[in-house]
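Colleague: Quick one, fold the following:
(2 chains)
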Amino acid sequence: QKEVEQDPGPLSVPEGAIVSLNCTYSNSAFQYFMWYRQYSRKGPELLMYTYSSGNKEDGRFTAQVDKSSKYISLFIRDSQPSDSATYLCAIKGILQGAQKLVFGQGTRLTINP
Amino acid sequence: DAGVIQSPRHEVTEMGQEVTLRCKPISGHNSLFWYRQTMMRGLELLIYFNNNVPIDDSGMPEDRFSAKMPNASFSTLKIQPSEPRDSAVYFCASGQGMNTGELFFGEGSRLTVL
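Modeller: This next block holds a predicted model:
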């Protein structure tokens, strides 16, 4: 079983739609939860970061963490064509004695004008 | 700040050849990471350094891969000999310690081994 599972998509929605992206993880040692965005032929860049269970909002983006279910989500409201990218969840904790940042496989998202 | 700089951006080589990928992290960052990204396996951590010291290389696929960080401003990832299954995009990322999850990625080196 992978440490982090993420549906690779692809996911295609019309402009203005609400987008929901999700990841599950297997190890409760994970403590920090992040979403990275990766545009085509670029490196990933940090979009949102959270530590605790609950919601964190930043503009049109909301990150949600449920530690009891080992489930994290990213919601995008009023989606724009510029949001078209691959979204990777990333989870950090201490595994095998070392701090590790583990990425999901990424979900490729297309917002159609 | 120029960000994380990787070279070469693209490399096409033949099986059996040596490949060296280079990375210059952001000045002041003390952690450096090498990742490999493929469609099948996504983004995989190969190795990371803290203060120029390798901390965890458990992701390095086999002895054909080696990484060095001789100083705070330079790192290399070497593959010798290269194989077609090594074809991937290799990313270098740097960060300010491991207290946060914010890593700054370079634009990647796209490697094709024929």
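Colleague: just for chain B, where's the confidence low?
Modeller: Applying pLDDT under 70 to chain B flags the ranges B:1, B:97-101.
Colleague: Up against chain A, what does it have?
Modeller: Chain B comes close to chain A at residues B:4, B:33, B:35, B:41-45, B:55-56, B:58, B:91, B:93, B:98, B:100-108, as judged by CB under 8 Å from any CB of the partner chain. The way it works is simple: take the backbone N, C-alpha and C, and place the C-beta from them, glycine included.
Colleague: Can you show me the strands along chain A?
Modeller: Using DSSP state E, the strands of chain A run over residues A:4-6, A:11-14, A:19-25, A:30-38, A:45-50, A:54-58, A:61-66, A:71-76, A:85-95, A:98-103, A:107-112.
Colleague: Repeat that for chain B.
Modeller: B:5-7, B:10-13, B:19-24, B:31-38, B:42-50, B:53-56, B:65-71, B:74-79, B:88-95, B:104-105, B:109-113.
Colleague: distance of the closest residue to B:Q80 other than its chain neighbours from chain A?
Modeller: Once flanking residues are discounted, B:Q80 sits nearest to B:E18: 4.2 Å by CB to CB, 6 or more residues apart in numbering or on different chains. As judged by CB to the nearest CB, to the nearest Å, B:E18 and chain A stand 24 Å apart.
Colleague: how about low-confidence regions in chain A?
Modeller: Along chain A, segments meeting pLDDT under 70 span A:1, A:94-99.
Colleague: can you redo the strands of chain A as CSV with distance to chain B and mean neighbour count?
Modeller: Below are these laid out as CSV (distance: least, CB to the nearest CB, whole Å; neighbours: other CB atoms under 10 Å in any protein chain shown):
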stretch, distance to chain B, mean neighbour count
strand A:4-6, 8, 19
strand A:11-14, 16, 13
strand A:19-25, 11, 19
strand A:30-38, 4, 22
strand A:45-50, 5, 17
strand A:54-58, 13, 12
strand A:61-66, 12, 18
strand A:71-76, 12, 20
strand A:85-95, 5, 22
strand A:98-103, 4, 20
strand A:107-112, 10, 17
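Colleague: What residue in chain A comes nearest to chain B?
Modeller: Residue nearest to chain B within chain A: A:G43 (3.0 Å; CB to the nearest CB).
Colleague: which residues does whichever residue of chain B sits closest to chain A bridge with?
Modeller: Chain A sits closest to B:F105 of chain B, with a gap of 3.0 Å, by CB to the nearest CB. Bridge pairing for B:F105 (DSSP bridges) gives the partners B:A93.
Colleague: Now do the contacts for it.
Modeller: Residues in contact with B:F105 (CB atoms under 8 Å, 6 or more residues apart in numbering or on different chains) are A:G43, A:P44, A:E45, B:V4, B:Y35, B:F91, B:C92, B:A93.
Colleague: Excluding covalently adjacent residues, which one is nearest to the third one?
Modeller: When you say that, I think you mean A:E45. That would be A:R37: by CB to CB, 6+ apart, it lies 5.8 Å from A:E45.
Colleague: Equivalent analysis for the fifth one, please.
Modeller: If you skip the residues right next to it in sequence, B:Y35 has B:F91 as its closest partner in space, 4.4 Å away by CB to CB, 6+ apart.
Colleague: how near is that neighbour to B:S109?
Modeller: For B:F91, the distance to B:S109 (CB to CB, to the nearest Å) stands at 8 Å.
Colleague: same deal with B:Q6?
Modeller: B:Q6 is 5 Å from B:S109, where distance means CB to CB.
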